[in-house]
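Engineer: got a predicted structure here, sequence first:
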Amino acid sequence: MKLRFAPSPTGMLHVGNARQAIANALFARRHGATFQLRIDDTDTGRSRESFAEAIRTDLTWLGIHWDETFRQTERLDRYAAAIEALKASGRLYPCFESEQELAAKREMRIRQHKPPLYDRAMLKLTPQQRAQAEANGKVPYWRFKLTDGSKKWKDLVMGDCSVKLTAISDPVLVRADGTVLYTLASVVDDLETGITHIIRGEDHVTNTGVQIDIAEALGAKPNRFTFAHLPLLLDEGGGKLSKRFDALSLKTMRQDGVEAEAVVSYLARLGSSDDPEPLPFDELAATYDLSHISKSAARFDMRQLLGLNRRVLAALPFEAARDRLPQGATEAFWLTIRSNIELFSEARHWWDVTHGDIVSPVQEGDEAYLAQAASLLPPAPWDETTWATWTAALKDASGRSGKALFRPLRLALTGEEHGPELRDLLPMIGPDRAKTRLLVGV
Ligand SMILES: Nc1ncnc2c1ncn2[C@@H]1O[C@H](COP(=O)(O)OP(=O)(O)OP(=O)(O)O)[C@@H](O)[C@H]1O
């Protein structure tokens, strides 16, 4: 069993692409299959090595590892051989129509209330006409002659699928400059590298009908591949995500401090009958089941992802956090803040609260109370009992209680309305910072 993830290096991976990568990787892990990373770089105008590198970085960050990898431009000789074979069998035929001619034909068919399909005029070209066109300096591009009828398969997500090939124009597989199109290169690679299962986005369903036909023309047996098409992920506004807009890219998420485990856990179960919950890769893989995925498009919800991220952080051991924390951060610091942050990047703020500088707000009307609080601060050394000792004394002295007692203290000491337990924060803040912050408006 072998699966592959085959992105084009034309931009940064977004969460939609990641959903496919994760589905492939989890399915492969669950079934002990080989996992291939194929970089689909035949579109040389848009492909960049820097994007291929970024894709590898993103996948590694997600915890997705591949057993083999290659770029399609390394296998151009294999595509050339397939092209020759298809020409020899008469399935690839030369075409000379220009874009303008094709557009005019399309318009004509629409006016005649016919579907705007290619009319296969070039199939009727005689050898003399072809020689004449070439003598006139025209270079052909090549279309694949689709078979009549439909291609059917049992999709692991979509169920029974059927693509009517007679409703599709014969696809161009080779451009006039001799370069191969993705549609053919992908089939050649899948056949020759032994891919058994193809999991990809619903945007490929029509392609799948065409590619089954091409595969069979190249000698593949029926049902050579098992397919699963996952619905596309939409952004919060209902639009399709695209690499071209860098929308919701994995790189941005990583830079914002979202945890890879949260992203994987969320995308593995989004749009399925299983609720997303933070789980390590192996545990997600152990129960991963494509039949649980819904057939309708799923909407990416940042709030849900952040909710999951919060849960991942709250359980993250110090050892796993240490390298990304500010220098000098201790286990006590991490354990104090971890269940109060939504993004890892917020740790920096709490480090400034406990070990650096913050600007406490001036609390008009509470200046005298805060000065009284400063004067009652217990002597050092401080520990986790200090908060209770101090606030008990302050309660007696000020006559305040509840919110009136605690809120001004939290605001002055941390600059925030909410946050980790002050019992734990106070010893880290220490007497000097505490005093300065309490007396800020005095
Ligand atoms: N919005 C999406 N939701 C889910 N899967 C997607 C989405 N967009 C693309 N994919 C899938 O991501 C995989 C990688 O495809 P590809 O690299 O061609 O990405 P792409 O975003 O479609 O590219 P581009 O934006 O350049 O057209 C394919 O399986 C494709 O079906």
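Structural biologist: Received, thanks.
Engineer: give me the three-state assignment for residue 200.
Structural biologist: Here residue 200 is recorded as strand under DSSP: H, G, I helix; E, B strand; the rest coil.
Engineer: which residues are in contact with it?
Structural biologist: Residues near residue 200 by Cβ atoms under 8 Å, 6 or more residues apart in numbering: 6, 20, 228, 229, 230. Where C-beta positions appear, they are placed from N, C-alpha and C, glycine not excepted.
Engineer: may I have the beta-bridge partners of it?
Structural biologist: Beta bridges link residue 200 to residue 229 when assigned by DSSP bridges.
Engineer: ok so, going back, including pLDDT, could the contacts of residue 200 go into a markdown table?
Structural biologist: Putting these into a markdown table (pLDDT from 0 to 100) gives the following:
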| residue | pLDDT |
| --- | --- |
| 6 | 98 |
| 20 | 97 |
| 228 | 98 |
| 229 | 98 |
| 230 | 97 |
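Engineer: ok, and the most crowded of the residues you listed?
Structural biologist: Using other Cβ atoms under 10 Å as the neighbour criterion, residue 230 leads these with 28 neighbours.
Engineer: tell me the contacts of it?
Structural biologist: Residue 230 sits next to 19, 20, 23, 157, 199, 200, 201, 202, 271, 293 when contact means Cβ under 8 Å, 6+ apart.
Engineer: so for the fifth one, what's the nearest residue that isn't a sequence neighbour?
Structural biologist: Read that as residue 199. Excluding the flanking residues, the one nearest residue 199 by Cβ to Cβ, 6 or more residues apart in numbering is residue 228, at 4.4 Å.
Engineer: phi and psi next, for residue 151.
Structural biologist: For residue 151, the backbone dihedrals are phi -110, psi 130 (criterion: degrees, to the nearest 10).
Engineer: spit out the contact partners of it.
Structural biologist: Counted by Cβ under 8 Å, 6+ apart, residue 151 has contacts 162, 163, 165, 208, 209, 210, 212, 213.
Engineer: specify the beta-bridge partners of it.
Structural biologist: For residue 151, the beta-bridge partners are residue 163 (DSSP bridges).
Engineer: could the contacts of residue 200 go into JSON lines alongside distance to residue 258?
Structural biologist: Putting those into JSON lines (distance: Cβ to Cβ, whole Å) gives the following:
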{"residue": "6", "distance to residue 258": "25"}
{"residue": "20", "distance to residue 258": "19"}
{"residue": "228", "distance to residue 258": "26"}
{"residue": "229", "distance to residue 258": "27"}
{"residue": "230", "distance to residue 258": "21"}
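Engineer: for those residues, which one is nearest residue 375?
Structural biologist: residue 20 (62.5 Å; Cβ to Cβ).
Engineer: would you confirm that that closest one contacts residue 199?
Structural biologist: Yes: counting by Cβ atoms under 8 Å, residue 199 is a contact partner of residue 20 at 6.4 Å.
Engineer: contact residues of the stretch 101-250 of the chain facing the ligand?
Structural biologist: Within the stretch 101-250 of the chain, the positions adjacent to the ligand are 200, 201, 203, 204, 232, 233, 240, 241, 242, 243, 244 by Cβ under 6 Å from any ligand atom.
Engineer: what about burial for these, which qualify?
Structural biologist: Neighbour-count burial (16 or more other Cβ atoms under 10 Å) is assigned, among those, to 200, 201, 204, 232, 233, 241, 243.
Engineer: these in strands, which ones?
Structural biologist: Judged by DSSP state E, these include 200, 201, 233 as members of strands.
Engineer: dump those residues to JSON lines, plus distance to residue 325 and pLDDT.
Structural biologist: Formatted as JSON lines, those follow (distance: Cβ to Cβ, whole Å; pLDDT from 0 to 100):
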{"residue": "200", "distance to residue 325": "39", "pLDDT": "97"}
{"residue": "201", "distance to residue 325": "37", "pLDDT": "96"}
{"residue": "233", "distance to residue 325": "32", "pLDDT": "93"}
